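Visitor: all I have is the shape, not the residue letters:
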């Protein structure tokens, strides 16, 4: 039994396809299949049910794969120990980021990290919270940047900053004349929301519990873009809630529509999350340091802020 064989069965379980798994492992599909077959013959157990599409593990196969993931994670610690001794930050870091964080945080972080660590390769995907958690548990991702708390015993959370929610209000709204708002002010306002699956949608609904979200008669609009919410308010009226870092992307005319909440302001906690067995600690610390470098000091403190659940 070899680590390579274990990598192959984990890859097939992750992607549920021998072809895709072979591609991700940079080998031919016959090579991957042959090694898995050898492993099955060695332990006299069928790990995968090949009659199903997509391919899925047998009952005993699922248990073997779960153990294989642990073995691979533990073996990876040897490389991390060596890297730590050499004081180098090199290799591959696979990051998942929620779409309501990525455009306002990552561009500056990416350029800084690549300049400081030329031997580091960053692989970044925008996913929903649910997908990030799934990919952390299956080993597709190394870490995620998303809203917390998650209260998942298999996930380690490292809070980075606390970002205020602000309201973005149409000039046609009665609320436009207010200097600051509270959740009750939004009760009778039409609120533009992100589509289901986005944690920020849940947070907005938690802030505005009795808010209407049936925006226009005959229209059901589903979007995963904060920028689209802004445009919908500009053109169709109503209001929406934005994360504070998004304000920097607005033009001068749009910033006049921003209204902050009265104290205590609702905030979202943004954290760096990993699987509990994560081993690339030096890379993670480097990423954390770069993020904190660009985040205003006021946003790193939780004091006098109301963290909204997801």
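Guide: Looks like it came in fine. Computed from a prediction, not measured in an experiment: that's the story for all the values here.
Visitor: how about the helices in this structure?
Guide: Secondary structure of the chain (DSSP state H): helices at 3-15, 18-24, 29-43, 59-86, 102-116, 129-138, 199-207, 226-236, 252-255, 281-294.
Visitor: need the contact partners of the shortest one.
Guide: Put plainly, it is helix 252-255. By CB atoms under 8 Å, 6 or more residues apart in numbering, the surrounding residues in contact with helix 252-255 are 168, 230, 234, 247. For the C-beta atoms, the positions are set from N, CA and C on the backbone; glycine is no exception.
Visitor: derive a PyMOL selection command for the buried subset of these.
Guide: A single PyMOL command selects the buried members of the contacts of helix 252-255 (16 or more other CB atoms under 10 Å):
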select buried, resi 168+230
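Visitor: quick one on the thing from earlier: can the helices of the chain go into a markdown table with extra columns for distance to residue 187?
Guide: Shown next, in a markdown table, are the helices of the chain (distance: least, CB to CB, whole Å):
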| stretch | distance to residue 187 |
| --- | --- |
| helix 3-15 | 45 |
| helix 18-24 | 48 |
| helix 29-43 | 57 |
| helix 59-86 | 48 |
| helix 102-116 | 28 |
| helix 129-138 | 27 |
| helix 199-207 | 11 |
| helix 226-236 | 17 |
| helix 252-255 | 24 |
| helix 281-294 | 35 |
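Visitor: tell me which of those lies nearest to residue 161.
Guide: helix 281-294 (7.6 Å; CB to CB).
Visitor: what packs against the closest one?
Guide: helix 59-86, strand 91-97, helix 102-116, strand 143-148, strand 155-169, strand 265-275 (3 or more CB pairs under 8 Å, 6 or more residues apart in numbering; DSSP states H and E).
Visitor: what's near enough to touch residue 286?
Guide: Going by CB under 8 Å, 6+ apart, residue 286 touches 89, 113, 116-117, 120.
Visitor: buried subset of these?
Guide: Applying 16+ other CB under 10 Å to the contacts of residue 286 flags 89, 113, 117, 120 as buried.
Visitor: pretty sure residue 160 is touching residue 293, no?
Guide: No: contact criterion CB atoms under 8 Å: residue 160 and residue 293 do not qualify, at 11.2 Å.
Visitor: which of those two has more neighbours?
Guide: residue 160 (21 against 10; other CB atoms under 10 Å).
Visitor: list the contacts of the more buried one.
Guide: Residue 160 is in contact with 145, 270-272, 288, 291-292, 295, 300, counting by CB under 8 Å, 6+ apart.
Visitor: the domain parsing of this protein - what is it?
Guide: 3-83, 89-309 (the TED database).
Visitor: what bits of the protein have low per-residue confidence?
Guide: 83-87, 209-222 (pLDDT under 70).
Visitor: where's the residue most central in space within it relative to residue 147, distance?
Guide: The chain has residue 97 as the residue nearest its centroid, 3.4 Å off, counting by CA atoms, centre = their mean. Remark: distance between residue 97 and residue 147 (CB to CB, to the nearest Å) = 11 Å.
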